[in-house]
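1. predicted coordinates and the sequence they were generated for:
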Amino acid sequence: MAMPRLGGGICYAGGMRNGGDSAALIATLRDIVGRKGVVVNPRKTERFRTGIRFGKGDALAVVRPRTLVEMWRVTQAAVAARKILIFQAANTGVTGGSTPWGEYDRDVIIVSTLALKGIHLLNGGKQIIAMPGSTLHRLERILRPLGRTPHSETGSACIGASIIGGVCNNSGGALVQRGPAYTEFALFAQVTEDGELKLVNHLGLDLGSEPEEILRRLEQGDFNTKTTPPTGGQASDGEYKTWVRDVASDKPARYNADPRRLNDAAGCAGRLAIFAVRLDTFAGDEQEQVFHVVSNSAADFTELRRRLLRDCTTLPILAEYLSGQTFRLAERYGKDSYLTIRWLGTDFLPQFFAAKWRFDGFAKRFSFLPSQLSDRVLQALSRLFLPYLPRRLRALRGYQHHLTIKSGGDNIAETRQVLEALAQSDDTGLHFLTCTKKEGKAAMLHRYVMFSIGPRYLLMHPKRAGSEITLDVALPRNAEDWDKVYPDAVEGDVFCTLTAAHFLCHVFHWSLLLHPERDTAAVREKILQSFDKRGAEYPAEHNVGHLYEAKPVLKAFYETLDPTRTFNPGIGGTPKQRAMASASTTPYAS
């Protein structure tokens, strides 16, 4: 697989040649970021070591750099001490991709990048430079006055997601026209097979020659921001608009192991230390309209998808699907998530999750209190509030299929024409609602709280459902059996099926709640085998994490980026053991 390299990489061999003991490393890290910036107490590191949905492991320390230079120095020190580094932003991933998991042959250092929130605008906002802790929500706020929008939209894959996390995970999210978050421009550190730590500048910006000079100038915006530098490559997936329209193709539109979209930071799943990425932004539509579409027939939605992609000259902004059962359960088990985001915003979520961790940690000290007390309290409190969906949306809750379409500009009329034609046809049972602004926002946020339903249901009803299987799957673009989730062989094992999708892209997210005392691993394997037979790809956009086996093309990509397995090893079932370096160096010798 050819790995394009854009421009001349500026490299620096950093770090010592001899590993130090853990105590010496902790002391060095405290010298770099301050004593409060290094957390070693297992109780206090637990929220960093535990995924929001999956994954938990041990770590020697959690380090919180305040500047890019500090992040570089932390990386130098950990590499010199022959430790594993896992970089983490909001820790909102659902596959454990930014947390430790299982046994490692070295200590793990988690680097929390939340303090590194910088975003620089290029050429009036036509492109941006994003730092490791910057979020989609913050980028949306910065771009809104300029009439521009980001590569993805808050909640597209996971509420609270970081910009760089989306690039690293091939996250495509909801936006039909833009495909996966992709760029060929990044500033990153990697360890070569000879054991050398290098800072590589593929941003296309002249920032100097020494690592700390480069990082300091970047963070301070000490470069020309008035003119977008010549690209010589892509800062977004410019081919996706055409790609997604091919509804006759038996290949999925986008997925993690697509070799077309693996380049440096893009798709790296944390196998590099990413300091910044450069991305395109997009002109927003002056006028937008949300339609909420319902039907009891999957065939109606198949025909709707075909017409929107094949027959219209423009594409909708997004088209988000929920099954009827998911729509109804979200009202009950996602209410507190909905209200928290609506009242406090997604920027507050990291603090909210941290507060939950502290509360649950305190409750664990008392044996008579139940586990996950915060979720139990939130669920009880949510019952005190009235239904949050507007009346006209609640009136549609009995339908089996729901699709929320956001259109802009010329696509509004085209989408309305398609919907009216299908609604008036005697061959369909499709109906649609032209939403007010309040209804449109409510419908979109209702879709995004889907991810909180499964864990909450399991917690509140342990005798009804015993475990959860989450699936992130890209179906072939010509698939018409999209409503069939699992083979008949496991039907008796599944208690409840929750379905959400980026429908026009045919990327589906399923949460299957199993009956108690079922073999979760065996059921999951049967389902994945059935997807293999259907020509599906998985995962589609959520990172292989520690839930999926990486495809051969991904494993080869990871080994190319990180031959010594220093950064986030073990992802996708890859080896965790330190690889042997060349004989000329000592840090990685066996």
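-> Cool, got the structure. Keep in mind that what you see is a predicted model, and the values were worked out from it rather than measured.
2. in this structure Thr415 contacts Ser407, no?
-> Yes - counting by C-beta atoms under 8 Å, Ser407 is a contact partner of Thr415 at 4.5 Å. Placement of C-beta: from N, CA and C, glycine included.
3. shared neighbours of these two, which are they?
-> Common neighbours of Thr415 and Ser407, counting by C-beta atoms under 8 Å, 6 or more residues apart in numbering, are Gln289, Phe291, Pro316.
4. per-residue pLDDT, the second one?
-> The one in question is Phe291. On pLDDT, Phe291 comes in at 98.
5. which SSE is it in?
-> strand 288-295 (DSSP states H and E).
6. what lines up beside that strand in the sheet?
-> Applying DSSP bridges to the sheet, strand 288-295 is found paired with strand 401-408 (antiparallel), strand 431-434 (antiparallel).
7. coming back round to it: nearest to Lys241 among the shared contacts of Thr415 and Ser407?
-> Distance ranking of the shared contacts of Thr415 and Ser407 against Lys241, using C-beta to C-beta, places Pro316 first at 11.7 Å.
8. hang on, the earlier thing: quick one: closest of the strands paired with strand 288-295 to Arg328.
-> strand 401-408 (9.9 Å).
9. ranking the strands paired with strand 288-295 by burial, who's on top?
-> strand 401-408 (a mean of 25; mean count of other C-beta atoms under 10 Å).
10. what are the contacting residues of the strand holding Phe291?
-> The contact list for strand 288-295, computed with C-beta under 8 Å, 6+ apart, reads 301, 304, 317, 393, 396, 399-408, 412, 415-416, 419, 428-435, 437, 439-440, 443-444.
11. pull the distance from it to the chain's centre.
-> On the basis of C-alpha atoms, centre = their mean, to the nearest Å, strand 288-295 is displaced by 25 Å from the centre of the chain it belongs to.
12. only C-alpha atoms, please: export it in CSV.
-> In CSV, the C-alpha atoms belonging to strand 288-295 read as follows (Å, rounded to 0.1, in the frame of the first residue of the first chain):
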residue,chain,number,x,y,z
GLU,A,288,-32.2,25.0,5.8
GLN,A,289,-35.2,22.8,6.3
VAL,A,290,-35.7,19.7,8.4
PHE,A,291,-38.2,17.0,7.3
HIS,A,292,-39.2,14.1,9.5
VAL,A,293,-40.3,11.1,7.5
VAL,A,294,-42.1,8.0,8.8
SER,A,295,-43.3,4.7,7.4
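13. state the mean pLDDT of the next helix or strand after that strand.
-> Heading C-terminal from strand 288-295, the first helix or strand you meet, by DSSP H and E, is helix 298-310. What helix 298-310 shows for mean pLDDT is 98.
14. does anything pack onto the next helix or strand after helix 298-310? Which helices or strands?
-> Using DSSP H and E, the helix or strand that directly follows helix 298-310 along the chain is strand 318-323. Using 3 or more C-beta pairs under 8 Å, 6 or more residues apart in numbering; DSSP states H and E, the elements in contact with strand 318-323 are helix 298-310, strand 401-408, helix 437-448, strand 494-502.
15. would you tell me which one of the ones you listed is buried the most?
-> Comparing the helices and strands packed on strand 318-323 by mean count of other C-beta under 10 Å gives strand 401-408 as most buried, with a mean of 25.
16. report the buried residues of the following helix or strand past that one.
-> Later in the chain than strand 401-408, the nearest helix or strand by DSSP H and E is helix 410-424. The neighbour-count check on helix 410-424 (16 or more other C-beta atoms under 10 Å) flags Asn411, Ile412, Glu414, Thr415, Arg416, Val418, Leu419, Leu422 as buried.
17. give me the contact list for helix 410-424.
-> Contacts of helix 410-424 (C-beta under 8 Å, 6+ apart): 287-289, 291, 293, 300, 303-304, 307-308, 311-317, 405, 407, 428, 430-432, 434.
18. swap the cut-off to 6 Å and go again
-> Gln289, Leu304, Arg307, Cys312, Thr314, Pro316, Ser407, Thr428, Leu430, His431, Phe432 (C-beta atoms under 6 Å, 6 or more residues apart in numbering).
19. can you redo those as TSV with distance to Trp357?
-> Formatted as TSV, the contacts of helix 410-424 follow (distance: C-beta to C-beta, whole Å):
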residue	distance to Trp357
Gln289	40
Leu304	42
Arg307	47
Cys312	46
Thr314	45
Pro316	38
Ser407	40
Thr428	48
Leu430	44
His431	43
Phe432	42
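20. from those residues, which is closest to Trp510?
-> Distances from Trp510 to the contacts of helix 410-424, taken by C-beta to C-beta, are shortest for Leu304, at 20.7 Å.
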